[in-house]
Structures are given as structure tokens and as C-alpha cells.
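*Asks:* Mind folding the following:
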Amino acid sequence: MEIEVAKRLQQTEEYYFSKKLREIDQMNQAGAKVINLGIGSPDLPPHPDVIKVLHEQASLTNTHGYQNYKGAPVLRQAIADWYSRYYHVSLNAETEILPLIGSKEGIVHIAMTYLQEGDEVLIPNPGYPAYTSAVKLTGATVVPYELSAANDWLVDFDELEKRDLSKVKMMWMNYPHMPTGASANIAFFENAVAFAKKHTILLVHDNPYSFILNDNPISLLAVEGALDVAIELNSLSKSSNMAGWRVGMLVANQKRISEILRFKSNMDSGMFLPVQFAAAKALSLDKSWYETLNKEYEARRLKVYEIMDILGCDYDTKQVGLFVWAKIPSNYNNCYDLADDVLYKAKVFITPGGIFGSAGEQYIRISLCGKIETLEAAIERLKANL
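*Replies:* You can find the predicted model right below:
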């Protein structure tokens, strides 16, 4: 019996990594032992005190029930304190913070709350594919804006001003940028907020990489008046090594928190309370946690540079975040040819930049989520097989 999928899914494909990991699993079952350098899933554990709090709270008898959709006060206050301490942003913990079961959840919640057929949404190219998928699920129209190395992968607002923006309701932005590792300064964020205000566009900033190999974490919300036009997503997945814990946050003004909660409360329940207490502990850690984490990532990045050199790729050493983004050599037609060459000949998986949009088709991305020994093993395989 043939049952047709809903219209909302007809333009939405299975996530690239979902399909590719299935292929890699089949290769491994045949004995390939593929080294996976493609996905940004931290392999390091959270701080021991975070795990201790989880254990203590989970051992209690009264922490296992349904939780408030808005999150526990202890977590909302920890988020507010974290934003104040590191981003110098003052937030009302009761009304301007919404904990999420991972920030990817928030991408869909925001899209479903505000978008419908007839709306247009500005999406970065290259950019995180989940932005495009979430917009398509709503029936709204994706309008890509291209980023380029020539402009340091920053939004060209002058170029956007030349467009017809009359139907644009929302704009997605992400700095430090994934996949390119580009960072932005406060002046750039001021321009972004001014652009959104001028054109009555809801600006959504996705900010999960600000602590990784970045000496100057910045929030878009540090700009005066940003809460009038902007929402920011953040996450503990990368900065606290808690990807599988699914702890994210949405920061916005009170009205938007209430609007998004109308959708979220119909989709899920509150986060497991011991996880919320543990997340609050993670957010309370001092700067030494991030310094220790980044020392390890700095060493790994040097090894990834070696891999890029073996592949003949060009890269910018100023990029930040959890990946290294590099332009492929001219002897390959596109990123997919290079990525497949590396996978099938050397049994090493790297990410083709084209999955992030057409502007990434001449680039590849390698994750720093692999131990030094793993990266060294990849280097030996590449030297021996390419």
C-alpha cells in the first residue's frame, strides 16, 4: 500500500550525515575501519563536577517526573549568569530565557512559530543545512544569501539592500560561522541589528561555537536594542562537551518567548531535571574550563592543518570553532570528488563543503573531534593511499 508523505516533506531530503554514516557503517561491517573526521560531536567528556551533579540528582527519588516547559529556575538563572559573565548581556531569567532540548530543536520551533507559505527567509550559503530544512517544513521560501572568502565570509548588507526584501520575514545568521570558522565583531552585529530594524525582519542568530578556539566570545544581544528584533540560540553541546545531553537555550524578549512556548509546549515536555541541574553546573565553570578545552583543540588543529597540506588544500589560520574549512586543489572538480577519493582510497571520512550550499562546493571541512592519535592515523593513511 502506497501512502504519500505530506507536502512539507516532499522538498526535504534525509540529512546528509544520516545517509553517509549508514554507508560508512556498511563499510565498517566489511572491515574498512573508517576514520570519521566529518562530524562535530565532541569526543571529550564534560567536567567531572557536571557528571557528579547528574549522578547526585538522578539518585534522588523526586527528580524523575515531568518538568516545566519553561525549564527549571536553577537552569534559567545559570543561563542568565553565564550570559552576564561572558557576553556582558543582562537577561531576565524568568521572562527572556527558554531552555531547549538541544538548540536544533529551537531552529524548528522558531520556524514553525513564525513562518508560513508566502513568507521569505534569508539563509546563509554556505550555512547549516538545518536552517533550510526548517524553513521548507513551514512552506515558506528559502532565499539564499551568498557568503564569500573575499568578504571574510561575512554578510554583505550593502548587497542585500539591493534586493526586494518586501516578503522577507526572517533572517538566519551564525557567527562564529559554521562551516567556515569566520568570526564577527560587535560593529558587524550592530550593522545586522540596524538592517533587521530597517526592514522589519526577525533576525535569528545561532551562537554555539563562540567559546571554541575563540578568545573573544560575543553575543549578538550585546548590541543595544537587539532584543527588539533578534533571537539568539546557544548550546552546551560544543562548549561543555554535552552534545548527547541535548541542552540548548533560546534567548529573546518576553513576547517572543511566550509565542515560541505556544508551539514548543505542544511538541515536547520539559528537560529531565537532573540534566538541568548538571547543565547549570556546567554554565557556572570558570574560564579555566574553556582554556583547558581549547589547549587540546589547538593541538588537534595543527594535525588537521597537516591533513589539509597533504590534500593540497588552502585554509585560513584565523578561523575559529570546531572545524577547519579549506579550499580544495584545482585537480578536483568539486568537494564531493575529493571527499569520496579520501573515503574510498584512504578510508577517512571528511565533509564535502557542498552540503552547506553551492558556495561551499570548492571546499571541504574537517572536524577537530578526534584524538591526536586518530588524526595521526589518518595522516598515515592519506600518505600511504593518496
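
*Asks:* For Asn185, grab phi and psi.
*Replies:* phi -110, psi 180 (degrees, to the nearest 10).

*Asks:* The closest residue to it other than its chain neighbours: what's it in contact with?
*Replies:* Nearest residue to Asn185, sequence neighbours excluded (CB to CB, 6 or more residues apart in numbering): Ile218, at 7.1 Å. In this view, the C-beta of every residue, glycine as well, is placed from N, C-alpha and C. Residues near Ile218 by CB atoms under 8 Å, 6 or more residues apart in numbering: 87, 175, 184-186, 189, 210.

*Asks:* ranges for the helices of the stretch 101-250 of the chain?
*Replies:* 103-114, 129-138, 157-161, 186-199 (DSSP state H, counting those that start in this stretch).

*Asks:* Please identify which of those helices is closest to Arg262.
*Replies:* helix 103-114 (7.2 Å; CB to CB).

*Asks:* And the chain, what are its domain boundaries?
*Replies:* Listed domain ranges for the chain are 7-45+288-385, 62-283 (source: automatic domain parsing).

*Asks:* Among the ones you listed, show the one with the smallest mean pLDDT.
*Replies:* Looking at the domains of the chain, the lowest mean pLDDT belongs to domain 7-45+288-385 (a mean of 93).

*Asks:* Could you tell me how far that one lies from the centre of the chain?
*Replies:* 16 Å (CA atoms, centre = their mean, to the nearest Å).

*Asks:* thinking again about what came up before, closest one of the contacts of Ile218 to Ile101?
*Replies:* Ser210 (20.7 Å).

*Asks:* And for the closest residue to that closest one other than its chain neighbours, the neighbour number?
*Replies:* Leaving aside its chain neighbours, Ser210 sits nearest to Pro217 (4.1 Å; criterion: CB to CB, 6+ apart). By other CB atoms under 10 Å, the residues close to Pro217 number 19.

*Asks:* cool, and Phe195?
*Replies:* Count around Phe195 with other CB under 10 Å applied: 20.

*Asks:* Spatially nearest residue to it, not counting backbone neighbours?
*Replies:* Nearest one to Phe195, counting by CB to CB, 6+ apart, is Phe157 at 5.0 Å.

*Asks:* Leaving out chain neighbours, which residue sits closest to Met171?
*Replies:* Using CB to CB, 6+ apart, the closest residue to Met171 is Leu122 (4.0 Å).

*Asks:* how far away is Leu248 from Ile201?
*Replies:* Leu isn't right for residue 248; it's Gly. Remark: distance between Gly248 and Ile201 (CB to CB, to the nearest Å) = 23 Å.

*Asks:* more neighbours, these two?
*Replies:* Counted by other CB under 10 Å, Gly248 and Ile201 do not tie: Gly248 has more neighbours, with 25 against 21.

*Asks:* Stretch 79-88: end-to-end distance?
*Replies:* Distance between the two ends of stretch 79-88: 12 Å, counting by CA to CA, to the nearest Å.

*Asks:* and if you look at stretch 109-121?
*Replies:* 15 Å.

*Asks:* burial of Glu380, as a residue count?
*Replies:* Counted with other CB under 10 Å, the neighbours of Glu380 add up to 10.

*Asks:* Using the three-state scheme, assign it.
*Replies:* Classification of Glu380 by DSSP: H, G, I helix; E, B strand; the rest coil places it in helix.

*Asks:* same question, Met267
*Replies:* Once three-state DSSP is applied, Met267 turns out coil.

*Asks:* neighbours around the closest residue to it other than its chain neighbours, how many?
*Replies:* Computed as CB to CB, 6+ apart, the closest residue to Met267 that is not its neighbour in sequence is His109, at 7.2 Å. Using other CB under 10 Å, His109 has 24 other residues around it.

*Asks:* How about the one 5 residues further on?
*Replies:* Neighbours of Tyr114 under the rule other CB under 10 Å: 20.

*Asks:* rewinding a little: wait, the residue nearest to Met267 touches Ala252, no?
*Replies:* No - here His109 lies out of contact with Ala252, judged by CB atoms under 8 Å, at a distance of 11.1 Å.

*Asks:* which residues do the two both contact?
*Replies:* Shared contacts of His109 and Ala252, counting by CB under 8 Å, 6+ apart, come down to Ile260.

*Asks:* ok, back up a step: in TSV: the domains of the chain, plus distance to Met1.
*Replies:* Below are the domains of the chain laid out as TSV (distance: least, CB to CB, whole Å):
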stretch	distance to Met1
domain 7-45+288-385	18
domain 62-283	25
